[in-house]
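I would like the atomic coordinates for the input below:
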Amino acid sequence: MHPFLILLAGMIVILGAIIVLRLNAFIALIVAAIIVSFLAPGDQVVKISRVAEAFGKTAGSIGIVIALAAVIGTAMTESGAADRIVGGFLNVLGEKRDAVALGATAFILSLPVFFDTVFFLLAPLARSMYGRTHRNYLKYLLAMSASGIATHTLVPPHPGPLGVADTLGIDLGIMILMGIVVAFPAAIVGYLFGTWVDRRMPIPMRPRPGVDTEHVQTDNPPPLFAAVLPVVMPVILISMSTMVDALRIWAPGQAALWAKVRPYTAVIGNPNLALLLSAAAAVLLYRRQRRPSREQMASMVESSLMGAGVVILIVAAGGAFGAMLQAAQIGPAIQSLFANGGKSSGITFLFLAFGLTSVIKIAQGSSTVAMITSAGMIAAMIKGIPLPYHPVYLATAISAGSLVGSWMNDAGFWVFGKIGGVTELETLRSWSPLSAIVGTTSMITTVVMAIVLPFR
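Purely as a prediction, here's the structure:
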């Protein structure tokens, strides 16, 4: 069978299973991977086993990181560390810049914490701010949403960008650094859009039964340094290892020094160890602040890991699906469409990655599934093709595309609307264009940087 027909069959299975049959994304991806494997060339004996091997390879590379990130997020929320970070930004920026403070807080918190958790945390603060000012409620919601979705889709250890980096073979430190660089202007543009749409469509805070209008502060908030430590520690450790590797190339005169340092930075900068140390810091802070019993401590960790387990299954299944597409020889088939190569085809790949991910996101709703699925396809397409830029730009293009087309089949749509107290129509007029604007801005930044700073 022609590789394009195999690709089409895989896409139909995934979208049909998720949208029509309402199956879990893990089941849809695994079934699609098995079907693609059977349609692809190869010995019949290994067509099932190679799916399991690809699944295990992906799970082995990202499973520990996702599990530890889930523990970090829960421990930071339960210990009051997240509340402390919010208060720190308000103290620095002042209440006149309360929307900026919410956006900045969401940007920092969303580095290790899932977007929905950050939104749950900050929504009561947005409501209490409106209670004092009686204005800008929609602006508050959109400011923290812009930052949260930007970092959630662009910066590991979130499962989407983590899986994309693993599929494309990108160093995790580079993915973190470039993800932050691309996410920052996108968050700013999203904030500006929130300011504009709030003036055109002011929305009052509507009372909701069971929801407090005042944000409840912890009686004994942790020190700011201790609260921020679980967030910045893995970023610093992983980036340190990446920088040393880069300096070996950029500063060859000190090659002997970097050679001596590298064994140490490679160990402490390993993502698994860096996240483990960060999780230990977050859990110790939780224990210090809440004095939980052993049962409570175990329950907190166990609930975090149970939630992470579903995410790991989906990401690993996506990796298996991508590997089976490569086995179907779709790469050589698509390479023939870009036979001329050169710089133009490299930029074309960026737009292809963005557009393909956007289509998948619009169709089935999940940014993570869209990123993982698209990454497998793009990895197969570019195999053997020299790119005029670092492949991290392909990863950020994929991540940017996953933000375009958020509507009623996206869980984030309902989190924003239901927790924020916004109607469905208001959500379509605010959240949906915000998500598209953040994604488009990320794509523009990606293309500009790929041209100006390719650093191959």
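
now Val448: how far from Val181?
Val448 sits 11 Å away from Val181, going by Cβ to Cβ, to the nearest Å. No exception for glycine: its C-beta is placed from N, CA and C like everyone else's.

now swap in Phe114 and tell me
21 Å.

which one's more surrounded, those two?
A side-by-side neighbour count of Phe114 and Val181, using other Cβ atoms under 10 Å, places Phe114 first with 21 against 17.

give the contact list for the more buried one.
Neighbouring residues of Phe114 by Cβ atoms under 8 Å, 6 or more residues apart in numbering: Ala70, Gly73, His152, His158.

the first one: which element?
The secondary structure element spanning Ala70 is helix 49-79 (assigned by DSSP states H and E).

what residues sit buried inside that helix?
50-51, 54-55, 58-59, 61-79 (16 or more other Cβ atoms under 10 Å).

mind giving me the packing neighbours of it?
Secondary-structure packing of helix 49-79 (3 or more Cβ pairs under 8 Å, 6 or more residues apart in numbering; DSSP states H and E): helix 25-39, helix 115-133, helix 159-168, helix 224-250, helix 271-290, helix 294-327.

between that helix and helix 224-250, how big is the angle?
140 degrees (axes from the mean of the first three to the mean of the last three Cα atoms, to 10 degrees).

Leu15: how many residues sit nearby?
Going by other Cβ under 10 Å, the residues that sit close to Leu15 add up to 17.

tell me the contacts of it?
Each residue near Leu15 by Cβ under 8 Å, 6+ apart is listed here: Ile360, Ala363, Gln364.

and if we set it to 7 Å?
Leu15 makes contacts with Ala363, Gln364, as judged by Cβ atoms under 7 Å, 6 or more residues apart in numbering.

check which helix or strand covers it.
Using DSSP H and E, Leu15 falls within helix 3-15.

same question for Leu192.
Assigned by DSSP H and E, Leu192 falls within helix 172-200.

how far off centre is that helix?
Its chain's average C-alpha position is 13 Å from that of helix 172-200, according to Cα atoms, centre = their mean, to the nearest Å.

try stretch 39-47
That offset, for stretch 39-47, works out to 33 Å (Cα atoms, centre = their mean).

buried sites along it?
By neighbour count on 16+ other Cβ under 10 Å, the buried set for stretch 39-47 is Leu39, Ala40, Lys47.

and the pLDDT for the last one?
Looking back up the chat, that one is Lys47. Lys47 is assigned 91 on the pLDDT scale.

what are the neighbouring residues in contact with it?
So Lys47 contacts Ser37, Phe38 (Cβ under 7 Å, 6+ apart).

ok, the first one next?
Contact analysis of Leu39 by Cβ under 7 Å, 6+ apart lists Met1, Ile6, Ala9, Ala328.

write the ChimeraX selection for whichever of the residues you listed are buried.
This is the ChimeraX syntax for the buried subset of the contacts of Leu39, where burial follows 16+ other Cβ under 10 Å:
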select :6,9,328
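
in the chain, where is pLDDT below threshold?
124, 128, 132, 207-219, 246, 248-252, 331, 334-345, 456 (pLDDT under 70).

which residue lies nearest the spatial centre of it?
The residue lying closest to the centre of the chain (Cα atoms, centre = their mean) is Thr153, at 2.9 Å.

so what does that residue have for phi and psi?
Dihedral angles of Thr153 (phi, psi; degrees, to the nearest 10) stand at phi -100, psi -10.

that one and Val438: what is the separation?
In terms of Cβ to Cβ, Thr153 sits 8 Å off from Val438.
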